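Engineer: this is a predicted model, with the sequence first.
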Protein chains: 2
Amino acid sequence: MELDPKTDLRLTRTLAVPRRLVWECWTRPEHIPHFFVPRPHKVTAVDIDLRVGGRFNTRFEVEGNTMDNHGVYLEVVPEEKLVFTDAYTEGWKPAPDPFMTALLLLSDTADGGTSYTAIARHRSPEARQTHEDMGFHDGWGTVVTQLEVYAKGLMT
Amino acid sequence: MELDPKTDLRLTRTLAVPRRLVWECWTRPEHIPHFFVPRPHKVTAVDIDLRVGGRFNTRFEVEGNTMDNHGVYLEVVPEEKLVFTDAYTEGWKPAPDPFMTALLLLSDTADGGTSYTAIARHRSPEARQTHEDMGFHDGWGTVVTQLEVYAKGLMT
């Protein structure tokens, strides 16, 4: 996947869990609260309709504040590629001021693990910089660490 | 399809051509120049990759000026629903300042024709108003009239 360094941020990681489980964690509502935001922040609601144009809505609690995030899936290639954004809500309603489009890319490693790439794409270099300053690398890094720990618990 | 009168514009028409042909006209590059912009404006190039996330790029000549429009398909349901936008270019790269998302909805009429609905969705009431002031209803109306005439010529 081609990266535009002006507007994109990327995190790559190798996970010691099979791709199938990583996909399952990212696409089933019961799994999302276990990794999706860095602790001690909490996911309190998840609403998923896993299809192109279907909703991916989440609610967080961050320092006592409730944040609702409404978005849709743009592309769903099982166990390989998941693309979602806050640029639309369900029914292709454009959001007034979208923040980003996220691409999650999964492939197998030789030893049965997962090569994990997460890309955040932005409308402008300024939006990319804002996201980096908000702590993209730490935040998304923590999320994938939480995901790996949680997914390992599902392997038994 | 639910309409938001604050941000959406809609044109509906009944066409005396079968749905299959209307779909073909909208999705094959050789047909697009015959109807896609109101005459005397001209389409001079079309590049289509008809899949979710695939490109829908067109070039117009409008009063001596060349205009390039780059977009992607968001949803492709053959002969029923086509959704495209300038909010992304191919590869899910967000556009800095998208104008609209277009939905084309087709269904059969009792007499073998097509019920045709085109919806333009915008990020704000201001963008909707700009589009209306640019002549949405006349422009999109002319396009569908040109489409019907051209598609009738393909029925022999």
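Structural biologist: Perfect, I can see it now. Numbering: from 1, shown residues only, chains lettered A, B, ... in the order given.

Engineer: pLDDT at the nearest residue to residue A:6 once chain neighbours are set aside, what is it?
Structural biologist: The shortest distance from residue A:6 to any non-neighbouring residue, by Cβ to Cβ, 6 or more residues apart in numbering or on different chains, is to residue A:125 (4.9 Å). C-beta: built from backbone N, CA, C; applies to glycine. Per-residue pLDDT puts residue A:125 at 97.

Engineer: pull the number of nearby residues for residue A:125.
Structural biologist: 13 (other Cβ atoms under 10 Å in any protein chain shown).

Engineer: if I look at it, how far off is residue B:98?
Structural biologist: 17 Å (Cβ to Cβ, to the nearest Å).

Engineer: try residue A:110
Structural biologist: In terms of Cβ to Cβ, residue A:110 sits 41 Å off from residue B:98.

Engineer: just residue A:103 next, same as before
Structural biologist: For residue A:103, the distance to residue B:98 - Cβ to Cβ - is 18 Å.

Engineer: how about residue A:100?
Structural biologist: Residue A:100 is 14 Å from residue B:98, by Cβ to Cβ.

Engineer: so between the two, which is more surrounded?
Structural biologist: Between residue A:100 and residue B:98, residue A:100 has the larger neighbour count (other Cβ under 10 Å), namely 23 against 19.

Engineer: so what's residue A:73 bridging to?
Structural biologist: Residue A:73 has these beta-bridge partners by DSSP bridges: residue A:84.

Engineer: near chain B, which residues of chain A are found?
Structural biologist: Counting by Cβ under 8 Å from any Cβ of the partner chain, the residues of chain A close to chain B are A:1-2, A:4, A:7, A:52-53, A:74-75, A:83, A:85, A:87-88, A:91-98, A:100-101, A:103, A:121-124.

Engineer: quick one, helices of chain A?
Structural biologist: Applying DSSP state H to chain A gives helices spanning A:19-27, A:125-133, A:136-153.

Engineer: and the strands in chain A?
Structural biologist: A:8-15, A:42-48, A:56-62, A:65-69, A:72-77, A:81-85, A:88-89, A:93-94, A:101-108, A:114-121 (DSSP state E).

Engineer: could I get those as CSV with mean neighbour count and mean pLDDT?
Structural biologist: CSV is the format used below for the strands of chain A (neighbours: other Cβ atoms under 10 Å in any protein chain shown; pLDDT from 0 to 100):
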stretch, mean neighbour count, mean pLDDT
strand A:8-15, 16, 97
strand A:42-48, 15, 97
strand A:56-62, 18, 94
strand A:65-69, 11, 95
strand A:72-77, 19, 98
strand A:81-85, 22, 98
strand A:88-89, 20, 96
strand A:93-94, 20, 96
strand A:101-108, 18, 98
strand A:114-121, 20, 98
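
Engineer: residue B:62: which of those strands is closest?
Structural biologist: For residue B:62, the closest of these is strand A:93-94, at 24.4 Å, according to Cβ to Cβ.

Engineer: can you name every helix or strand that the closest one contacts?
Structural biologist: Judged by 3 or more Cβ pairs under 8 Å, 6 or more residues apart in numbering or on different chains; DSSP states H and E, strand A:93-94 is in contact with no other helix or strand.

Engineer: residues making contact with it?
Structural biologist: A:87-88, B:4, B:7, B:85, B:87, B:98, B:100-101, B:121-123 (Cβ atoms under 8 Å, 6 or more residues apart in numbering or on different chains).

Engineer: and it, how far out from the chain middle?
Structural biologist: With Cα atoms, centre = their mean, to the nearest Å as the basis, strand A:93-94 stands 20 Å off its chain's centre.

Engineer: same question, stretch A:88-106
Structural biologist: With Cα atoms, centre = their mean, you get 12 Å for stretch A:88-106.

Engineer: what does stretch A:71-86 give?
Structural biologist: Its chain's average C-alpha position is 9 Å from that of stretch A:71-86, according to Cα atoms, centre = their mean.
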